[in-house]
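Enquirer: I would like the atomic coordinates for the input below:
(chains A and B)
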Amino acid sequence: GAGVSQSPSNKVTEKGKDVELRCDPISGHTALYWYRQSLGQGLEFLIYFQGNSAPDKSGLPSDRFSAERTGGSVSTLTIQRTQQEDSAVYLCASSLTQSSYEQYFGPGTRLTVT
Amino acid sequence: AQSVTQLDSQVPVFEEAPVELRCNYSSSVSVYLFWYVQYPNQGLQLLLKYLSGSTLVESINGFEAEFNKSQTSFHLRKPSVHISDTAEYFCAVSGRGYNKLIFGAGTRLAVHP
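Expert: Purely as a prediction, here's the structure:
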C-alpha cells in the first residue's frame, strides 16, 4: 500500500515568509508525528497527533511553529515568519495506533530559508 | 527522561568485514528500541526493533541487534557488510506511554571496496 507522503519535497523561501508543509499518513494510521532533521541538532521530535488532537506539542521550538490535523488524516505544519535557523528537513511519520510504537516515515520536505 | 548515545559518528569498514554500531540508552520507563537506516537522499526506514520477548532481533538483510538491559545497550551488528550498506544509521528509543522517538546523533557507515 501507499506509504507516508509529504509535499512539497523541496521548499525555498525568503526569511520572514510563512510556509506550510503537508503530510499524508498511511491510510488508517491514527497517530501522526512531525520531526525535524538538521545538521546541528540531529533528529528532533516536534509534535504528536492522536486523531485530530495533539497531546504532545513539547518539541515545537517557538510559537512561530504550529500544526493541525483534520479528519484524522492529513496534517499541516506551518512556520510563520521563517528564520534561517528553520532550514532543515521536516519529516512526518505515522503509526497504526498510539500504542503501536513502530513509526513509518515519509521522504521529508527540505526547507531552505534564504 | 530518555536519551540515546551513539558512540561513533563515523565507521569506515571494508566490504565483507564485520561491523558493530554502538548504541546506549537512558530511560526511566520500560523501553522499546529501534534502528532506522537512512540511505543517501532518502527517508528513514525501520531496520529492526525490540519491543519485548527475545532480546536478539534480526532484520531481513542480515543485521541483528541485542537488547542488553544491564548495560543499557542495543548495538547493531552485521557479520559481513556490502557496499550497499553504506548509509546513516540511527538508534532510537521510545517507551510505554511515551509515544515519540528519541534519536541518537546517528552513525555514518561507509563501506569501502
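Enquirer: For the helix or strand that contains residue B:108, name the packing helices and strands.
Expert: Assigned by DSSP states H and E, residue B:108 belongs to strand B:107-112. Strand B:107-112 is packed against strand B:10-14, strand B:19-21, strand B:87-95, with contacts defined by 3 or more CB pairs under 8 Å, 6 or more residues apart in numbering or on different chains; DSSP states H and E. (C-beta placed from N, C-alpha, C; glycine too.)
Enquirer: Now render those strands as CSV, adding distance to residue A:67 and mean pLDDT.
Expert: Converted to CSV, these look like this (distance: least, CB to CB, whole Å; pLDDT from 0 to 100):
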stretch, distance to residue A:67, mean pLDDT
strand B:10-14, 34, 97
strand B:19-21, 32, 97
strand B:87-95, 20, 93
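Enquirer: Only alpha carbons, please: show the lowest-mean-pLDDT helix or strand in chain B as PDB.
Expert: Every helix and strand of chain B was ranked by mean pLDDT, DSSP states H and E. The lowest is strand B:98-103, at a mean of 86. Output of strand B:98-103 as PDB, limited to C-alpha atoms (Å, rounded to 0.1, in the frame of the first residue of the first chain):
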ATOM      1  CA  TYR B  98       5.900   7.700  25.700                       C
ATOM      2  CA  ASN B  99       5.000   7.800  22.000                       C
ATOM      3  CA  LYS B 100       7.700   9.900  20.500                       C
ATOM      4  CA  LEU B 101      11.000   8.600  19.300                       C
ATOM      5  CA  ILE B 102      14.200   9.900  20.800                       C
ATOM      6  CA  PHE B 103      17.000   9.500  18.400                       C
END
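Enquirer: circling back to that earlier point, and the helices and strands packed on strand B:107-112: which comes nearest residue A:80?
Expert: Residue A:80 sits nearest to strand B:87-95 of all the helices and strands packed on strand B:107-112, at 29.3 Å, using CB to CB.
Enquirer: what pairs with that closest one, and is each one parallel or antiparallel?
Expert: Partners of strand B:87-95 in the sheet, by DSSP bridges, are strand B:31-38 (antiparallel), strand B:98-103 (antiparallel), strand B:107-112 (antiparallel).
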